[in-house]
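Peer 1: Predicted model, plus sequence, below.
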Amino acid sequence: MAQADNPVSWRQNRPRIREILHSEQPRGDVVAEGWVRTVRQGKGVAFLAVNDGSCLASLQVVVDAAAPASAALPRVGTGACVRARGKLIASPGTGQRWELIADELVVLGPVDETYPLQKKRHGPEFLREIAHLRPRTNLFGAVFRVRSRLAFAVHRFFQERGFLYVHTPIITANDCEGAGEMFRVTTLDPFHPPGTGGQVAWREDFFGEKTGLTVSGQLEGELFAMAFADIYTFGPTFRAENSNTSRHAAEFWMIEPEMAFADLTADCDLAEEFFRYLVKVALRECAEELAFFEEYVSPGLTARLEAVAAADFGRMTYGEAIEQLQRSGRTFAFPVQWGSDLQSEHERFLTEQVVNGPLFVTDYPAELKAFYMRLNDDGQTVAAMDLLVPRVGEIIGGSQREERLPLLERRMRARGVAPESLNWYLDTRRWGSCPHAGFGLGFERFLMYVTGVENIRDVIPFPRTPGNARF
Ligand code: 4AD
Ligand code: MG
């Protein structure tokens, strides 16, 4: 199942540029198609760097001014889409092993000088403004190749371990996290909704009740874990939190495994194995991209990833974390005391200064966490875990679930969730309940970690953030 190093194009006679650049020997009659990154004029020849997204490197296409192919040159500029046919020869120039001597050059899609990607390097802010064109740059080419390979590796990891892949719904009536961050889904007329006295009659809405976009597939995932034991979801997730940070998106992708017959320790063990697996896949299958990030985005990246792939992750309870922070002698913007949530400055201090690597913080005070987490015997904390990593902060959130019906109902009421509203969920506790645990990994947060890219908007193809859903 491993990804082939150099997958061959499915369409005959159209090798990908990656494949052409990996040729063992010179070849006649090679066709290359792609987008022109740069055009350079030499003496009596033009050099086109042609890229088709299959790898970072471009193919150098050489067009002799005397060859018929040169007739197309006036219409070839940066950004044009071309097809070149010719001979692949060992390049006499430096910087590339092979070059294509064009006998034929066809302009499939011309450009003009208003094409915005003229310069060699643009900043990420500018590129975000043209998110529809940025896949054609080196940085975003590398990011989205890594994203694609790791998405596939997520499935490989769970499928190899016998987990069932379940598609949980996108439209739902439950706010799993209970944080009130759901986007509404409705077909009611926003100007004249049915109802009286300022109360909207949601029963007249499309689904007969108030619905929204899912904030997590966990609750439905738990239902499947009560039948298939080991399951996972991997899907889009939506949160209407109005936080304009570099780590929050309104639409992101989450991977949520759920295991029956598992406790918090098993949950951390799975998270650690999964995390390390993905890092190793990146090191093995995305070496070219990582070398690029190392040079242009985050020096030291590869060494950091290699260290993470080799070391055990730290584990400490919330109580120990609070003690560490208090003993540090640091002044934080948010004060540290038992009962208050860890802020990102605290999380960063713990991972970057205390353990210098990934760290599980477990057993948080019950008031800080969602209703479904299992109450510990101390009656104050729950069997929760967050995985914190340097630079990114929280990357995984998970827990052992409360499988005891009376305690779960009590926790729900304490967190302001009406047990009647989740009767179907409580049925799993009524009939054949069992200890179980799971977690959620934010896929974009993981991509930030593995690429060194610092803004979540730059690891998702079309970011949705407050004020932005244009492309
Ligand atoms: O900690 P969270 O809210 O946990 C859950 O949703 C649980 N239901 C998961 C479970 O136990 N099955 O979210 C999990 C992870 C976070 O650690 C973070 O990586 C990511 O999802 N995440 C976000 N990523 C990008 N933008 C946002 N607005 C995110 N909110 C959470
Ligand atoms: Mg969380």
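Peer 2: Arrived safely. Ligands and ions are numbered 1, 2, ... in the order given.

Peer 1: the longest strand in the protein is where?
Peer 2: Looking across the chain with DSSP state E, the single longest strand is strand 27-41.

Peer 1: Pull out the buried residues from that one.
Peer 2: By 16 or more other Cβ atoms under 10 Å, the buried positions in strand 27-41 come out as 30, 32-37, 39. Placement of C-beta: from N, CA and C, glycine included.

Peer 1: tell me the contacts of whatever residue of the stretch 251-400 of the chain ends up closest to ligand 1?
Peer 2: Residue nearest to ligand 1 within the stretch 251-400 of the chain: residue 397 (2.3 Å; Cβ to the nearest ligand atom). Shown here is residue 397, whose contacts under the criterion Cβ atoms under 8 Å, 6 or more residues apart in numbering are 384-387, 439-440.

Peer 1: For it, name its beta-bridge partners.
Peer 2: residue 386, residue 440 (DSSP bridges).

Peer 1: can you list contacts of stretch 133-148?
Peer 2: So stretch 133-148 is contacted by 35, 51, 53, 55-56, 79, 116-117, 122, 124, 127-128, 282, 286, 288-289, 292-293, 296-297, 443, 447, 450-451, 453, 458-459, 461 (Cβ under 8 Å, 6+ apart).

Peer 1: among those residues, which ones are buried?
Peer 2: Looking at the contacts of stretch 133-148 with 16+ other Cβ under 10 Å, the buried ones turn out to be 35, 51, 53, 55-56, 79, 117, 122, 124, 127-128, 282, 286, 289, 292-293, 297, 443, 447, 450-451, 453, 458-459.

Peer 1: Take those and keep only those in strands.
Peer 2: Those of those lying in strands (DSSP E): 35, 51.

Peer 1: Quick one: name the residues of the stretch 101-250 of the chain near ligand 1.
Peer 2: The stretch 101-250 of the chain comes close to ligand 1 at residues 176-177, 216, 218, 239, 241, 248-249, as judged by Cβ under 6 Å from any ligand atom.

Peer 1: Now a PyMOL select for only the buried ones of these.
Peer 2: Selecting just the buried residues from these in PyMOL takes one command, with 16+ other Cβ under 10 Å as the test:
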select buried, resi 176+177+216+218+239+248+249
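
Peer 1: where's the dip in pLDDT among the residues of the stretch 101-250 of the chain next to ligand 1?
Peer 2: The lowest pLDDT within these belongs to residue 176, which sits at 82.

Peer 1: what about it, which SS state?
Peer 2: coil (DSSP: H, G, I helix; E, B strand; the rest coil).

Peer 1: Which helix or strand contains the closest residue to it other than its chain neighbours?
Peer 2: In space, and not counting its chain neighbours, residue 176 is closest to residue 216: 4.1 Å by Cβ to Cβ, 6 or more residues apart in numbering. According to DSSP states H and E, residue 216 maps onto no helix or strand at all.

Peer 1: does residue 339 really touch residue 365, like I thought?
Peer 2: Yes: counting by Cβ atoms under 8 Å, residue 339 does reach residue 365; the two are 5.4 Å apart.

Peer 1: the more surrounded of those two?
Peer 2: Neighbour count, other Cβ atoms under 10 Å: between residue 339 and residue 365, residue 365 has more, with 17 against 11.

Peer 1: how much space between residue 403 and ligand 1?
Peer 2: Using Cβ to the nearest ligand atom, to the nearest Å, we find residue 403 at a distance of 14 Å from ligand 1.

Peer 1: List the strands paired with the longest strand of the chain, with their directions.
Peer 2: Next to strand 27-41 in the sheet, as set by DSSP bridges, lie strand 45-51 (antiparallel), strand 81-90 (antiparallel).

Peer 1: hey, which of the ones you listed is tucked in deepest?
Peer 2: strand 45-51 (a mean of 20; mean count of other Cβ atoms under 10 Å).

Peer 1: Just the buried residues of whatever helix or strand comes next after it, please?
Peer 2: Next along the chain after strand 45-51, taking DSSP H and E as the criterion, comes strand 59-64. The neighbour-count check on strand 59-64 (16+ other Cβ under 10 Å) flags 59-63 as buried.

Peer 1: how far does the helix or strand that contains residue 295 sit from the chain's center?
Peer 2: Secondary structure assignment for residue 295, by DSSP H and E: helix 287-296. Chain-centre distance of helix 287-296: 18 Å, with Cα atoms, centre = their mean, to the nearest Å.

Peer 1: Against which helices or strands is the following helix or strand past that helix packed?
Peer 2: Going down the chain from helix 287-296, the next helix or strand is helix 301-310, by DSSP H and E. If you count contacts as 3 or more Cβ pairs under 8 Å, 6 or more residues apart in numbering; DSSP states H and E, helix 301-310 packs onto helix 264-285, helix 287-296.

Peer 1: These into TSV, with extra columns for distance to ligand 1 and mean pLDDT?
Peer 2: Formatted as TSV, the helices and strands packed on helix 301-310 follow (distance: least, Cβ to the nearest ligand atom, whole Å; pLDDT from 0 to 100):
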stretch	distance to ligand 1	mean pLDDT
helix 264-285	9	98
helix 287-296	20	97
